[in-house]
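Student: With the sequence up front, the predicted model follows.
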Amino acid sequence: MTQCEVPRESLGFLMQDATRLIRRRFETRAAEMGLTSSQWRLLVHLMRNGPMPQARLADLLEIEPISVSRLVDRMQEAGWVCREPDPNDRRIRIVTATDKTRAAVADAKQIADSIYGIALAGLPPGAHEHLLATLRHIIANLSSTPEIANDR
């Protein structure tokens, strides 16, 4: 390959394509619940980590704080989350999952698991676990390098 040639397939493009296709399938299936993939990602962070400030959600979702604010506005209107004042700093609003979210998590997870099953169909035994281990390794490698501050 010469310097000017672009590789036919690259890790980044393959991961992006797989993510896009998974997101598209999820959007289609979760529409009946009234959830988008962005909303689902936010809810997963709340369910895993508990209530948290919008600024922390922006960091986790890697989107601008104003975008998180708009996302949370829509989710609050739909009953997925509520905002509560931080007891230590009244400027900070803590985002909390609602009972509606807790009731819907199993259904949304079932949708996601079904899509993952389709995505991984036909892989040999052990390939799923190997893929997850490889992705965790990639994440660890990229999370522990000094360039992380420049990645954002």
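Tutor: Yes, it's here. Numbering: from 1, shown residues only.
Student: the strands in the protein, which residues?
Tutor: Listed from the start of the chain, the chain has strands (DSSP state E) covering 52-53, 81-85, 93-97.
Student: what's the most buried one of those strands?
Tutor: Between the strands of the chain, strand 93-97 has the highest mean count of neighbours, a mean of 19, where neighbours are mean count of other Cβ atoms under 10 Å. (Glycine included, C-beta is placed from N, CA and C.)
Student: Show me the shaky parts of the protein.
Tutor: 1-4, 6-7, 145-152 (pLDDT under 70).
Student: Residue for residue, what is the longest helix it has?
Tutor: Using DSSP state H to define each element, the chain has its longest helix at helix 99-120.
Student: List the buried residues in it.
Tutor: Within helix 99-120, the residues that qualify as buried by neighbour count (16 or more other Cβ atoms under 10 Å) are 101, 104-105, 108, 111-112, 115.
Student: Nearest to Gln39 among the strands of the chain would be which one?
Tutor: Shortest separation from Gln39 across the strands of the chain is recorded for strand 81-85, at 9.0 Å, computed as Cβ to Cβ.
Student: strands paired with the closest one, and their directions?
Tutor: strand 93-97 (antiparallel) (DSSP bridges).
Student: Contacts only, for the residue nearest in space to the middle of the chain.
Tutor: Within the chain, the residue whose C-alpha comes closest to the C-alpha centroid is Arg41; the distance, by Cα atoms, centre = their mean, is 3.6 Å. Taking Cβ atoms under 8 Å, 6 or more residues apart in numbering, we find Arg41 in contact with Leu61.
Student: Use 10 as the first number from now on
Tutor: In the new numbering, first residue 10, that becomes Arg50.
Student: re earlier: would you turn the buried residues of helix 108-129 into JSON lines with distance to Ala27?
Tutor: Shown next, in JSON lines, are the buried residues of helix 108-129 (distance: Cβ to Cβ, whole Å):
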{"residue": "Thr110", "distance to Ala27": "27"}
{"residue": "Ala113", "distance to Ala27": "25"}
{"residue": "Val114", "distance to Ala27": "24"}
{"residue": "Ala117", "distance to Ala27": "20"}
{"residue": "Ile120", "distance to Ala27": "17"}
{"residue": "Ala121", "distance to Ala27": "14"}
{"residue": "Ile124", "distance to Ala27": "11"}
